[in-house]
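[1] this is a predicted model, with the sequence first.
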2 protein chains.
Amino acid sequence: MPEPKKPKGTLTIYDVAGRAGVSIASVSRVLNGQGSPRAETRERVLQAVRELSFVRDGAARALSNGLKEVVGVVFRRGGEQLFEGEDESFLFIDVINRGIEVGAQRRGFDLLISSVGFNDDNVAARIAALAGKADGLILHDRMLSTVGIARLADMVPVVTLAGTPTPASLNVRCDNASGIRALVRHLVIDHGYRSLGYVSGRADSPDNRTRLRAFENEAAAAGATIDTGPAWQGNYSAAGGANVIETLLDAGKKLPRAILCANDQTALGVIHALAQRGIKVPEDVAITGFDDVPVARHLHPPLTTIRQPMQELGAKAFDILYSRISAGGGKADTVLPVELIVRESCGCAGGATGEAK
Amino acid sequence: MPEPKKPKGTLTIYDVAGRAGVSIASVSRVLNGQGSPRAETRERVLQAVRELSFVRDGAARALSNGLKEVVGVVFRRGGEQLFEGEDESFLFIDVINRGIEVGAQRRGFDLLISSVGFNDDNVAARIAALAGKADGLILHDRMLSTVGIARLADMVPVVTLAGTPTPASLNVRCDNASGIRALVRHLVIDHGYRSLGYVSGRADSPDNRTRLRAFENEAAAAGATIDTGPAWQGNYSAAGGANVIETLLDAGKKLPRAILCANDQTALGVIHALAQRGIKVPEDVAITGFDDVPVARHLHPPLTTIRQPMQELGAKAFDILYSRISAGGGKADTVLPVELIVRESCGCAGGATGEAK
DNA sequence: TATAATCCGGTAAGCGCTTACCGGTAAGCG
DNA sequence: CGCTTACCGGTAAGCGCTTACCGGATTATA
């Protein structure tokens, strides 16, 4: 008996129950696989669900279960742009998000994402709103001040990426220091370069600070001279990297033999700027990145860099958040290992791949 | 009088109301800016909210308002891989998603994303679950069969990207045909190439079919000979593109003077494969892409391609979905214009930028 | 000063779902 | 064959929020 259709309002389990001739409790039980409904009951319900194309309302379920099965993910969207339409800065972020998603899917969670512009105001408010729609939050680098994070963390479980744990929030990051050390050693010991420069990332990034410090220490240990300081301040973007090179060159500075960049994005901009000036990489100046973003291998020359297990980073972040949500515990600070990827921008010939010690 | 803290359970507007000494209705009104509460009342509520770090539960609001302020976005995650770790295929998708987000944020919506692997089963079930958590869905290319979309569309508002509208779902796409025509004309008329090839994308993609057809028609109109067919079948990935070239070359085929690729990803793989064989682009073979993905300009040589207004595409998709959600209407099929971006892979020298017809 | 017009703010219903609790029926037992 | 034990499945409460409705207090009007 084909119904004339029922596109009215939203349909609920009451509609399904009515159609199947059972109670709403039975519908719910069948849909959740709870209890032990008679085979016939189950069939009637399933049949009705199919006929009506019924889907349970997530909000109602969440309210009733106290679990939304949603993780909020917050990150920054790129700032200033040098190359028109440049937006590669989010490559890195997207790979991590993919990792989060992988972890999330294993638990039936979905990702609720919200990006924030560099000069958006009311960031905290936006994040708070997100918090209300999710069971927990994962914050990418530099989204909020430490106090902001702390405050947020007592309304909802929070995991930060590449940050620092607070009393209430957890953190996951990569072993930046060992990556930089591997790079410096490769450049100084394997290639014999004696002068190094470091184009840094945003000054307020914990990751960047760690990398800079490791750079200074390891270079000193290896006996190389270094160039750093305000003139070398980038901001994780290709534009920032290009800008450093141009400023340096315009000021008539002589570049060091090898330049480490805070991340691949920056290296991309640096290589680009160098090419503009007719400076050859790696013959005149060797360049390295950090992250091993997917495009790194397609640059000319292919970029020697440090691979962060970005996808695992994301997956790990989710797992930690999940255990916090369901159990309440969670390791405060998790560090993942990195790997040296030797390609050609450092002066090596082939595509050999070493390993971060 | 500093409370000893109240980390117990979740806090609700009852807690806030209690603390502020008002009713829950007042709390709700203040938080929503409804009614005209006395200044004092408003202050007390705000104060209590601040002290408790209170955030309204999204699920409860959604249930009560009948609006979740969430859009579901579904897309495919990359398939086979040639270059280790290749995952650039999602570049394109991510840019569109960024556009969706921009549109969404204007309305206070957030994006609930869910990617699907090429060989995941129960795709329909996963999407249905997503549907329950969102007010509407945006589906990227080739997520579901036409009937699948139709069925989905009568449980929740649906907008497809680069697809075809169904009775119940809306669609947004770019003007593929005119892009291909511009490319063919540039190659044949401006450069004088007489033989063209087309490395196609997934055979089941409407976009791809349109592009192929436009290619054939325009090439015929321009009087060029063409190479197509099974040997030229790619799949939108760099791996697919590289594979086509290798197979062709291994079979001893002579390549046409210019090759159009179904998308930038494919072009990337093609250029890579050509370089492996020592074939020069554009001297020996001219290559063009489609999409103008961010990295296109950083390839060697920089890629001549068709720019799709990807971000606008996403934003537009959201706007249409939004109007469907709130009003019920919505244009069934929206077509956005594309633009020819002339760089060097076609044989042009500088970075001049023409325009699609 | 009495009465009507305004304002605020409280009470309670209801959004769609899950599930504790309980009653009815069928099966098991002496 | 009557009573206990299971087993199903229905009723109803409650998740946290919004808001219609209404009563009390305040201010305006006569």
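    Structure's in. What do you need?
[2] what residues does the stretch 201-350 of chain A have near chain B?
    A:268, A:272, A:294, A:295, A:297, A:298, A:299, A:300 (C-beta under 8 Å from any C-beta of the partner chain). (Glycine included, C-beta is placed from N, CA and C.)
[3] what about the helix or strand harbouring residue A:18, distance to the chain center?
    Assigned by DSSP states H and E, residue A:18 falls within helix A:13-20. Remark: helix A:13-20 is offset 43 Å from the chain centroid, using C-alpha atoms, centre = their mean, to the nearest Å.
[4] most neighbours of all the residues of the stretch 201-350 of chain A next to chain B, which one?
    residue A:268 (28 neighbours; other C-beta atoms under 10 Å in any protein chain shown).
[5] for the record, mean pLDDT for the helix or strand hosting that one?
    For residue A:268, the element it lies in under DSSP H and E is helix A:264-276. Mean pLDDT, computed over helix A:264-276, is 93.
[6] can you give me the buried ones in that helix?
    Across helix A:264-276, burial judged by 16 or more other C-beta atoms under 10 Å in any protein chain shown covers A:264, A:265, A:266, A:267, A:268, A:269, A:270, A:271, A:272, A:273, A:274.
[7] hang on, residue A:238 packs against residue A:268?
    Yes - between residue A:238 and residue A:268 there is a contact at 4.6 Å, judged by C-beta atoms under 8 Å.
[8] and whichever residue of the stretch 201-350 of chain A sits closest to DNA strand D, how many residues sit next to it?
    Using C-beta to the nearest atom of the strand, the closest approach of the stretch 201-350 of chain A to DNA strand D is made by residue A:325 at 15.1 Å. Neighbours of residue A:325 under the rule other C-beta under 10 Å: 19.
[9] with the one 3 residues further on instead?
    By other C-beta under 10 Å, 8 other residues sit near residue A:328.
[10] likewise residue A:35?
    11.
[11] the residue lying closest to it once chain neighbours are set aside: neighbour count?
    Distance criterion C-beta to C-beta, 6 or more residues apart in numbering or on different chains; nearest residue to residue A:35, sequence neighbours excluded, is residue A:29 at 4.5 Å. Residue A:29 has 18 neighbouring residues, counting by other C-beta under 10 Å.
[12] could you verify my assumption that residue A:29 touches residue A:23?
    No - with contact defined as C-beta under 8 Å, residue A:29 does not reach residue A:23; the gap is 9.5 Å.
[13] if we can go back for a sec, is DNA strand C contacted by the helix holding residue A:18?
    Yes - interface with DNA strand C: helix A:13-20 contributes A:13, A:14 (C-beta under 7 Å from any atom of the strand).
[14] residue in the stretch 101-250 of chain A nearest to DNA strand C?
    For the stretch 101-250 of chain A, C-beta to the nearest atom of the strand, closest residue to DNA strand C: residue A:108, 12.4 Å.
[15] so that residue touches residue A:69, yeah?
    Yes - with contact defined as C-beta under 8 Å, residue A:108 counts as touching residue A:69 (5.4 Å).
[16] higher neighbour count, those two?
    Neighbours were counted for residue A:108 and for residue A:69 using other C-beta under 10 Å; residue A:69 has more, 18 against 10.
[17] test my guess that the more buried one contacts residue A:106.
    No - using C-beta under 8 Å, residue A:69 is not in contact with residue A:106; the gap is 11.8 Å.
[18] does residue A:143 touch residue A:75 like I think?
    Yes - Residue A:143 is in contact with residue A:75 according to C-beta under 8 Å; the separation is 7.0 Å.
[19] residue A:334 belongs to a strand?
    Yes - looking at residue A:334 with DSSP: H, G, I helix; E, B strand; the rest coil, it is inside a strand.
[20] next, the contact list for it, please.
    Contact analysis of residue A:334 by C-beta atoms under 8 Å, 6 or more residues apart in numbering or on different chains lists A:170, A:171, A:172, A:173, A:316, A:320.
[21] run through the bridge partners of it.
    For residue A:334, the beta-bridge partners are residue A:172 (DSSP bridges).
[22] quote the end-to-end distance of stretch A:300-308.
    21 Å (C-alpha to C-alpha, to the nearest Å).
[23] and it, how far out from the chain's middle?
    18 Å.
[24] what comes up buried for that stretch?
    A:301, A:302, A:303, A:304, A:305, A:306, A:307, A:308.
[25] can you verify my assumption that residue A:292 contacts residue A:309?
    No - in this structure residue A:292 lies outside contact range of residue A:309 using C-beta under 8 Å: 9.4 Å.
[26] for residue A:112, pull up the helix or strand it's in.
    strand A:110-116.
[27] give me the residues contacting that strand.
    Contacts for strand A:110-116 (C-beta under 8 Å, 6+ apart): A:69-77, A:90, A:97, A:100-101, A:104, A:123, A:126-127, A:130, A:133-134, A:143, B:70, B:72, B:98, B:101, B:105, B:110-114, B:130, B:133.
[28] so which of those residues belong to strands?
    Mapping the contacts of strand A:110-116 onto strands (DSSP state E) picks out A:70-76, B:70, B:72, B:110-114.
[29] so what pLDDT did the closest residue to residue A:292 other than its chain neighbours get?
    Nearest non-adjacent residue to residue A:292, counting by C-beta to C-beta, 6+ apart: residue A:307, 3.6 Å away. pLDDT recorded at residue A:307 is 93.
[30] hang on, the earlier thing: could you dump the residues of the stretch 201-350 of chain A next to chain B to JSON lines with secondary structure and distance to residue B:48?
    As requested, these are exported to JSON lines (DSSP: H, G, I helix; E, B strand; the rest coil; distance: C-beta to C-beta, whole Å):
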{"residue": "A:268", "secondary structure": "helix", "distance to residue B:48": "50"}
{"residue": "A:272", "secondary structure": "helix", "distance to residue B:48": "54"}
{"residue": "A:294", "secondary structure": "helix", "distance to residue B:48": "48"}
{"residue": "A:295", "secondary structure": "helix", "distance to residue B:48": "50"}
{"residue": "A:297", "secondary structure": "helix", "distance to residue B:48": "55"}
{"residue": "A:298", "secondary structure": "helix", "distance to residue B:48": "55"}
{"residue": "A:299", "secondary structure": "coil", "distance to residue B:48": "55"}
{"residue": "A:300", "secondary structure": "coil", "distance to residue B:48": "60"}
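[31] widest-spaced pair of the residues you listed?
    Between any two of those, the greatest separation by C-beta to C-beta is 17.5 Å, found for A:272 and A:294.
[32] tally of neighbours for residue A:250?
    9.
[33] again but with residue A:247, I slipped
    14.
[34] what about the one helix or strand in chain A whose mean pLDDT sits lowest, distance to the chain center?
    Sorting the helices and strands of chain A by mean pLDDT, DSSP states H and E puts helix A:90-106 at the bottom, at a mean of 86. Between the centre of helix A:90-106 and the centre of its host chain there is 7 Å, according to C-alpha atoms, centre = their mean.
[35] could you do stretch A:239-249 as well?
    26 Å.
[36] re earlier: what helices or strands is the helix or strand that the residue of the stretch 201-350 of chain A closest to DNA strand D is a member of leaning on?
    Secondary structure assignment for residue A:325, by DSSP H and E: helix A:310-326. When contacts are defined as 3 or more C-beta pairs under 8 Å, 6 or more residues apart in numbering or on different chains; DSSP states H and E, helix A:310-326 packs onto helix A:90-106, strand A:136-139, strand A:158-161, strand A:170-174, strand A:333-336.
[37] now stretch A:139-148, how far from the centre of its chain.
    Per C-alpha atoms, centre = their mean, the centroid offset for stretch A:139-148 relative to its chain is 13 Å.
[38] can you check stretch A:57-77 too?
    Distance, centroid of stretch A:57-77 to centroid of chain: 20 Å (C-alpha atoms, centre = their mean).
[39] thank you, goodbye.
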